[in-house]
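Visitor: Pasting the sequence and the predicted coordinates here, then a few questions.
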Amino acid sequence: MSEKTASIPSGSVINPARRRLMAGGATVIAASMTGLAKAAGTGNAPATPAAPGKPLPPYVAWKDPNAMIVHTGSTLETRRSAFGTSIITPSEQLYIRNNLPAPDASIVADRDGWEISVEGVKHPRTLTVKELKTLGLETMATVLQCSGNGRGYFPSKPSGTAWQVGAAGCVVWSGVPVRVVMEALGGMVDGAVYMTSTGGEKLPDGIDPKSVMVERSVPRSAMADALLAWEMNGVPIPLAHGGPLRLIVPGYSGVNNIKYIRRLAFTAEQTDAAIQRTGYRISPPGQKGDPSQPSVWEMSVKSWINSPAPESGPVPGGLVQIKGVAFGGIHAVQGVEVSIDGGKTWQTAKFVGPDLGRYAWRQFVLPVKLSAGTHTLACRATDAKGNRQPEERMENAAGYNNTSWRDHALTIHVV
């Protein structure tokens, strides 16, 4: 581990900023990233071409149309059959979920000039991305997952996009640790309990900003591994995914990973923005969200099978490689089991590929012999703390945090 002394203009006091690689070593990540910047998505296309769907919106026209399900202009899902086996989700295939329209593309014309206001520290100030880059660097792989991933399996049909498994991906981020920025500006002020972040989207005129702005608060403990990231999968973060600067909170649901971050504050209270006060709350069915209910913060252990996928058609009988992904959310994933009889019996699957750290997902495989007929495939993961993926979903009004292995089971036809 090397030490590097950073400097900020204007005479601020700087502490040593550590430079370390959190995703299991530069060699491992470099191997996983080969070719992503030039041809992300190569080799990950579905074996069977996807049926034509809605055209891609212009701001994401660079994505692979065969890999995406277009729900709306701001919600695009990765097809189950498009997930490959190389751990990292190519940018061209990564899902899209935006609470507000993306800002004008002009904001990425001068990426280094983008500014972020840092508050709740002893020496608050505004920093450019160029200045952030002088403070330190870390690279990590994390699962990025929408809170509503799996909502489509709720029989209550909650409002919102009916995601299945494709509102998630595993992404490599590079940026400066939030803790380093905080230390460089003199440390956190007394009484700070939350890390509050504000996005830089343009707000509609004539309405209360708090009713629509993307501003989220998470416990300050989330700062430990958080990044202010400017790079994604080896290239500058695309506008559609939050460039030029995005807050990454490993192990936390996607809504807390603020795009186009303009303000980072350490606060005594949670923001009173509607997206925090009443939105993204785990509310009982039939009830509206309120601050007394749990906020959608940490993710928990989850897995699903990507292949064979029903969308790819009937499966030839004989030896079949059952493949999928598993992750632990805030904890590392430890193991995964697969069932070919709807959960009556289980077999231990094998992890394949490199381990990119506690916040990344692991690819798994189980070779089985399948005879002709109908089979129900299921998987369940266990994290490093011994928490096992539950059989049933946690019922809630908005369809958040569905980790039910039974909901995610697949019925396939073998011929």
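Guide: Looks like it came in fine.
Visitor: Mind pulling up the pLDDT for the spatially most distant residue from the centre of the chain?
Guide: Residue farthest from the centre of the chain, counting by Cα atoms, centre = their mean, is residue 372 at 37.3 Å. pLDDT for residue 372: 96.
Visitor: got it, and the one 10 residues further on?
Guide: In the predicted model, residue 382 carries a pLDDT score of 98.
Visitor: That one: neighbouring residues, count only.
Guide: Residue 382: 19 surrounding residues under other Cβ atoms under 10 Å. The C-beta positions use only the backbone N, C-alpha and C, and glycine is treated the same way.
Visitor: Shouldn't it be within a strand?
Guide: Yes: counting by DSSP: H, G, I helix; E, B strand; the rest coil, one finds residue 382 located in a strand.
Visitor: and it, what does it touch?
Guide: 301, 333-337, 388-389 (Cβ atoms under 8 Å, 6 or more residues apart in numbering).
Visitor: ok so, going back, for the residue farthest from the centre of the chain, list the residues it contacts.
Guide: Counting by Cβ under 8 Å, 6+ apart, residue 372 makes contact with 317, 414-415.
Visitor: Name only those of these that count as buried.
Guide: Those of these that meet the buried threshold are residue 414, by 16 or more other Cβ atoms under 10 Å.
Visitor: what's the closest of the contacts of residue 372 to residue 257?
Guide: Residue 257 lies nearest to residue 414 out of those, by Cβ to Cβ, at 39.4 Å.
Visitor: from the chain's centre, how far out does stretch 204-219 sit?
Guide: How far stretch 204-219 lies from its chain's middle: 21 Å, per Cα atoms, centre = their mean, to the nearest Å.
Visitor: Surely residue 116 touches residue 260?
Guide: No: counting by Cβ atoms under 8 Å, residue 116 does not reach residue 260; the two are 9.8 Å apart.
Visitor: tell me, what's touching the two both at once?
Guide: Residues touching both residue 116 and residue 260 (Cβ under 8 Å, 6+ apart) are residue 245.
Visitor: circling back to that earlier point, in terms of distance to residue 327, which of the contacts of residue 372 ranks first?
Guide: Checking those one by one against residue 327 (Cβ to Cβ), the nearest turns out to be residue 414, at 28.2 Å.
Visitor: Quick check: bridge partners of that closest one?
Guide: residue 315, residue 373 (DSSP bridges).
Visitor: residues contacting it?
Guide: 314-317, 320, 370-375.
Visitor: got the phi/psi numbers for residue 343?
Guide: Residue 343 adopts backbone torsions of phi 100, psi 10, taken as degrees, to the nearest 10.
Visitor: Also residue 107?
Guide: Dihedral angles (degrees, to the nearest 10) for residue 107: phi -70, psi -20.
Visitor: swap in residue 93?
Guide: With angles defined as degrees, to the nearest 10, residue 93 sits at phi -120, psi 0.
Visitor: returning to that earlier point: tell me which of the contacts of residue 372 is nearest to residue 346?
Guide: Comparing these against residue 346 with Cβ to Cβ places residue 414 closest, at 19.5 Å.
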